[in-house]
Structures are given as structure tokens and as C-alpha cells.
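A.B. asks: please work out how this folds:
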Amino acid sequence: MSAKSPEPFEPHLASLAPKLAISLSEEDREKLALFLAELFSWNDSTNLFGRLSQEDLARHALESTLGASLFEPGERILDIGSGGGFPGIPLAVAGLEVILLEPRERRAAFLRHVLRRIPGLKASVLVDRVEKLSATRFTAASIRAVGGLGALIGKGDFLETHGKLVIWTADPEKNAGELARAFDLERELPIPRTVRRKIVVFRKRSTGNIARRSTGNIGAGLG
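C.D. replies: Numbering: from 1, shown residues only. The predicted structure is shown next:
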């Protein structure tokens, strides 16, 4: 069976979805399986996910889907550093509007290919870096936790005031510290069948509150 066939992924998705308390329609399962097949096919040339198994990829797709409940219908989501498509593509399969932000052209080409293979998704690809998006405003953003998250996100200029930042992470306390300058931790959603992994919602403070919090931090440091 070709590695590009979606068929090997469907049993993994079907068996794992109930364990993660996800109700997955047959249509959405087929779309996720097709996405994962393309991801698997492109990995040798583009190094999109390393050495994960087909079951691992299915779990990542479903963990991404689990976060769809944390967004509101009509929100315009910026998926930061989409890379291999997690969590952005599964969020789009779930019916959300997603802008897949990816600075590397080869990975952006993969994402565009997936959107051609799965027509009808409310998603598009933007080749850029989040640090350069100060003039753009989104109601929400998604990201898988990475090192140096505070430096990457900064004050969240790409988000509207009170916009949400949703992070797939194993260390929400660390993330809260990194983002304390401009964000408040609002909600945590534990991922079933994992020890530490959570999906965490941070809320951007208003500009005035960001300034006052920054001034307070400076004063505390000088004391």
C-alpha cells in the first residue's frame, strides 16, 4: 500500500477519537486521514515531523481537533508556525477559519498542497514571520509551545485587544511566565490519556493594562 494512501490512518483515527472524547464524523475522519497521508508522503523531502509513527500522527491530529471547542464560530485564527499543519489543518477540518502562518517556503508549499487536496476548508497560507505582523489584527491565534515563546509572541500585536492565544503545551506554568507581560491565563483543557499535556487559553490584556503591568514589573525589579 502506498505511503500516500489515507487508508492506514483511518483505523488509528477511529480508535483514538473516543479515547480523547472526540466525536469525529466519517467525512472529517477521511479529511484528517488524507492530510496525514500527504504529511507522511512529504516528510522525507521536507522533514515535517521527524520519526513519528502513523499512530503518533493520528494522535497529534486529534489533539489538535480537541482544541476546536476553545474557539468561537466566526473567529479568524492565526496558526503560528504551522509547519506540518498542526494544529491549523485539523482546526480547519473542524470548520474554523484559519490562516496558516509559515515562514519557510518549502513547508508553505506543503500546506498549500494540502489545501488543494482537501477543498472546501476555510484556510489560507501566509508566508511570513509572526514578529512582522504588527499591522495585522486577528481575534485568535493557535500555536504548539516552542522555546522562547515570550520573545516570539511579545505583546501580541497581531491580536485584537482581549484576543485569545491558544497553546498546546506540557508546561502551562512556564508559558504563563513567558507571556506575563501581556497575557493572562484564562483556561486549561487537559488532553485525555496524557500525563501533562494541556491546551491552554491565554487572553490578551488591554494596552493600558499591559503598560501598567510592565511598569510594575520594572519597579519590583529595582526594589
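A.B. asks: ok, which stretches of the chain are strands?
C.D. replies: Assigned by DSSP state E, the chain shows strands spanning 76-80, 97-101, 123-126, 138-144, 159-169, 183-190, 198-204.
A.B. asks: other SSEs contacting the second one?
C.D. replies: Looking back up the chat, that one is strand 97-101. Applying 3 or more CB pairs under 8 Å, 6 or more residues apart in numbering; DSSP states H and E, one finds that strand 97-101 contacts strand 76-80, helix 88-93, strand 123-126. Backbone N, C-alpha and C define where each C-beta goes, glycine included.
A.B. asks: quick one: closest of these to residue 193.
C.D. replies: Nearest to residue 193 among those is helix 88-93 (17.1 Å), distances taken as CB to CB.
A.B. asks: can you give me how far the closest one is from the chain middle?
C.D. replies: 9 Å (CA atoms, centre = their mean, to the nearest Å).
A.B. asks: give me the residues contacting it.
C.D. replies: Applying CB atoms under 8 Å, 6 or more residues apart in numbering, the contact partners of helix 88-93 are 28, 31-32, 35, 61-62, 64-65, 67-68, 71, 77, 79, 82, 98, 100, 111, 114, 118, 121-123, 142.
A.B. asks: which ChimeraX command selects the buried ones in these?
C.D. replies: A single ChimeraX command selects the buried members of the contacts of helix 88-93 (16 or more other CB atoms under 10 Å):
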select :28,31,32,35,61,62,64,65,67,68,71,77,79,82,98,100,111,114,118,121,123,142
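A.B. asks: could you export the helices and strands packed on strand 97-101 as JSON lines, including mean pLDDT and distance to residue 155?
C.D. replies: As requested, the helices and strands packed on strand 97-101 are exported to JSON lines (pLDDT from 0 to 100; distance: least, CB to CB, whole Å):
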{"stretch": "strand 76-80", "mean pLDDT": "97", "distance to residue 155": "15"}
{"stretch": "helix 88-93", "mean pLDDT": "98", "distance to residue 155": "23"}
{"stretch": "strand 123-126", "mean pLDDT": "98", "distance to residue 155": "20"}
